[in-house]
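Asker: Task: produce atomic coordinates for the following.
(chains A and B)
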Amino acid sequence: QKEVEQNSGPLSVPEGAIASLNCTYSDRGSQSFFWYRQYSGKSPELIMFIYSNGDKEDGRFTAQLNKASQYVSLLIRDSQPSDSATYLCAAVYNFNKFYFGSGTKLNVKP
Amino acid sequence: EAGVAQSPRYKIIEKRQSVAFWCNPISGHATLYWYQQILGQGPKLLIQFQNNGVVDDSQLPKDRFSAERLKGVDSTLKIQPAKLEDSAVYLCASSLARGGIGTQYFGPGTRLLVL
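Answerer: From the prediction side, this is the model:
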């Protein structure tokens, strides 16, 4: 069974701080990992993806992957109130099959 | 580039009725997905198409749910008869990937309420 686990939160951080969102996955066969942001009542939108061990940066976002520990994280620097949303982690397997976690709710306090 | 289109955006039906959802993927995207997202949960894959063939429908409740993708473009998802527990958002997504890894882009979703 391919499971993706996320802490449901809410994770509360003050404006300007670094938010750290974590995700673990059960099946080592995953080829890549995606982070999506979902505002309340809206559909998921892509933030970034990672498939190699290490860090990948895109603006204020950094994705980190540790395949040995089966662990993925997303760091958001200089968090803004507009970053308040639910963050979904997805592990991708053969034939582009996505398995989503239940999401972590982030609250950024002004 | 136009995004993934879905209709209707909202639907309220009574249990045991039938309902159908429509999705038009991004032009040229070979892979199309239907997800069910229950409040507070992540999207759960119902069915995945590659062109007009089914790649995975292992989590589709086939006694009541059906889906098709005509000519490898538009797709419809049908529920017949609906149950209370089918109340959820039904998301359609598409991807350019043809076997490799490809980003999924989601439509706005259809919010279904079964009374």
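Asker: near chain A, which residues of chain B?
Answerer: Chain B comes close to chain A at residues B:31, B:33, B:35, B:40-45, B:48, B:50, B:55-56, B:89, B:91, B:95, B:97, B:99-109, as judged by C-beta under 8 Å from any C-beta of the partner chain. All C-beta atoms are positioned from the backbone trio N, CA, C, and that covers glycine.
Asker: Strands of the chain, residue ranges please.
Answerer: Just so you know, I chose chain A. For chain A, applying DSSP state E gives strands covering A:4-5, A:11-14, A:19-25, A:32-38, A:45-50, A:54-58, A:61-66, A:71-76, A:85-93, A:97-100, A:104-109.
Asker: hmm, I had chain B in mind actually
Answerer: All strands of chain B, identified by DSSP E, fall at B:5-7, B:10-13, B:19-24, B:31-37, B:44-50, B:53-56, B:65-69, B:75-79, B:88-95, B:105-106, B:110-114.
Asker: on that earlier part again, of the residues of chain B next to chain A, just the buried ones, PyMOL syntax please.
Answerer: Typed into PyMOL, the line below selects the buried ones among the residues of chain B next to chain A, using 16 or more other C-beta atoms under 10 Å in any protein chain shown:
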select buried, chain B and resi 31+33+35+42+43+44+45+48+50+55+56+89+91+95+97+101+102+103+104+105+106+107+108+109
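Asker: Now do the contacts for B:Ser18.
Answerer: B:78-82 (C-beta atoms under 8 Å, 6 or more residues apart in numbering or on different chains).
Asker: How about the least confident helix or strand in chain A by mean pLDDT and chain B, any contact?
Answerer: Using mean pLDDT, DSSP states H and E, strand A:97-100 stands out as the lowest-scoring helix or strand of chain A, at a mean of 92. Yes - contact of strand A:97-100 with chain B (C-beta under 8 Å from any C-beta) involves A:97-100.
Asker: most surrounded residue in those?
Answerer: Highest neighbour count within the residues of strand A:97-100 next to chain B: A:Phe98, with 25 neighbours (other C-beta atoms under 10 Å in any protein chain shown).
Asker: partner residues bridging the residue lying closest to that residue once chain neighbours are set aside?
Answerer: Excluding the flanking residues, the one nearest A:Phe98 by C-beta to C-beta, 6 or more residues apart in numbering or on different chains is A:Ala90, at 4.6 Å. According to DSSP bridges, the residues that bridge with A:Ala90 are A:Phe34, A:Phe100.
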